[in-house]
Every structure is written in structure tokens, then in C-alpha cells.
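*Asks:* Predicted model and sequence below, questions to follow.
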Amino acid sequence: MYINLDGIELYYEKSGSGKPLILLHGNGESHEIFDEAAEELSESYTCYAIDSRGHGKSTAVNELHYSDMADDVIRFIEALGLDDVILYGFSDGGIIALLCAMKCKRIKTLIISGANINPKGVKAGIRLMFKISYFFKRDMFTKLMMTEPDISAKDLSAISARTLVLAGSKDLIIEKQTRFIADSIKNSTLRILDGEAHGTYIIHSTKIAKLIKDFAQ
């Protein structure tokens with residue numbers, strides 16, 4: 001289904017019943033990466049799996065900024081009158097979720113996976129791949145990851161939601177930055193998942209469903 005938010009049409013899939021749980025995908029992806037997890041999570045929650053602007057079935061845009069995508073999610077929450085929200089974000093979705101939780105007090109539980117707070121939080125080899133890709137493609141998805149976000153410890157300290165910070169032991173995010181995020185959020189728990197890469201436990205996987213349910217219950 002679609003919702004119009006100040007001229008941006010966001011596509012989302014709604015399933016289940018119970019406390020609201022919003023799922024945010026990563027760069028260049030869509031809500032479909034959560035198909036398996038949402039099926040399991042919808043047994044306990046009302047799941048809203050959203051396509052971010054410029055992704056999936058949502059409105060196409062000429063450029064992307066995390067702040068705009070975060071504002072979309074906050075407007076989504078407000079437009080549907082959701083309260084006591086559980087917000088989960090993977091990769092770029094995790095960045096968006098952090099930005100949302102800084103400003104929206106309706107978010108009571110925050111779970112992020114493989115998020116960074118600046119481009120240098122991505123391992124050097126991956127950043128080099130971004131540069132090579134952008135040289136040839138000049139696409140907005142790669143440009144976004146090369147130039148944003150810019151989140152400080154002070155910004156993170158504004159988050160009051162109970163928070164779970166996740167990353168894989170083989171993640172493309174530097175572990176030091178993952179730990180910094182957790183340390184900067186007062187009411188947070190950190191888990192580094194042994195043997196997991198950036199999205200192995202998330203994309204078309206039910207592993208993330210169990211992690212969300214265990215923390216959010």
C-alpha cells in the first residue's frame with residue numbers, strides 16, 4: 001500500500017497485529033529483503049516494511065540524503081498515529097533509524113544492524129570500491145555512502161529509546177565505530193555476531209526476526 005507524505009509516496013507492506021514494528025532496508029534494496037523475517041515477526045507485531053524514497057516502489061528522486069529519508073519515516077509514524085514504536089534498520093536503514101530516534105520520542109525501542117555514523121566507518125577496501133563504482137556510474141546510491149552521514153556522539157546521546165546495536169564479526173563496518181555507537185547511546189546493548197557478515201543474518205533470513213523478538217519482548 002502507499003501513503004503520501006508531503007509529495008513523497010512511500011510504499012509499504014503491513015502485516016500482523018500487535019505493537020508497531022517498522023523495518024528499514026539498506027542502500028539500493030527494498031522491503032522485500034525482509035519477506036521471510038516479516039512473516040515470522042507478524043505473529044507478534046504489526047509489521048510495516050517500508051521502501052525508502054528512491055527505492056523499490058516508492059517515489060523516485062534525483063538525489064538521496066539520510067535526513068530526508070529519516071523525516072519520511074517520522075512523518076509516516078505521525079501520519080498513522082503510531083506509538084510505542086519498535087524501529088529496526090539495516091545498514092543505511094540503521095543510519096536512518098538513528099536519525100529518527102534522535103528526534104522522534106514515539107520510538108521506544110531501537111534496533112540497528114551494520115550502521116555507520118560517517119563514511120570512514122566503512123572499511124577502507126569497501127570505500128575504495130565505492131570510489132571506483134562512482135567514477136564509472138555516478139549514481140546517487142554510491143554518492144550517498146561516500147559523502148554521508150555525519151553523526152556525532154552528542155547526536156547519539158539524544159537517543160532515549162532502549163537500543164540494541166548489532167554487527168557481524170565480518171561486517172564491512174569497522175568494529176570500533178559500532179562500539180562507539182553503542183557507547184554513545186545511554187540505554188544500549190551491543191552484540192557482535194560471530195561469523196556473520198554485513199547482511200548474512202538479515203537479507204532473506206529469519207535470524208534477524210529472532211534477534212528482534214528476543215530484544216523487543
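*Replies:* Structure's in. What do you need?

*Asks:* tell me the pLDDT at the closest residue to Asn62 other than its chain neighbours?
*Replies:* The shortest distance from Asn62 to any residue other than its chain neighbours is 7.2 Å, reached at Met140 (CB to CB, 6 or more residues apart in numbering). Placement of C-beta: from N, CA and C, glycine included. As summarised for this prediction, Met140 has a pLDDT of 98.

*Asks:* Roughly how far does Met140 sit from Ala60?
*Replies:* Between Met140 and Ala60 the distance, using CB to CB, to the nearest Å, works out to 10 Å.

*Asks:* which residues does the closest residue to Lys57 other than its chain neighbours contact?
*Replies:* Across the structure, with CB to CB, 6+ apart as the measure, the residue nearest Lys57 apart from its sequence neighbours is Tyr11 (3.7 Å). If you count contacts by CB atoms under 8 Å, 6 or more residues apart in numbering, Tyr11 has them with Met1, Tyr2, His31, Ile50, Asp51, Gly56, Lys57, Ser58.

*Asks:* What about the fourth one, how many residues nearby?
*Replies:* Burial measure for Ile50: 27 neighbouring residues, criterion other CB atoms under 10 Å.

*Asks:* What residues are bridge-paired with it?
*Replies:* Tyr12, Leu24 (DSSP bridges).

*Asks:* Can you verify my assumption that it contacts Phe76?
*Replies:* Yes. With contact defined as CB atoms under 8 Å, Ile50 counts as touching Phe76 (6.8 Å).
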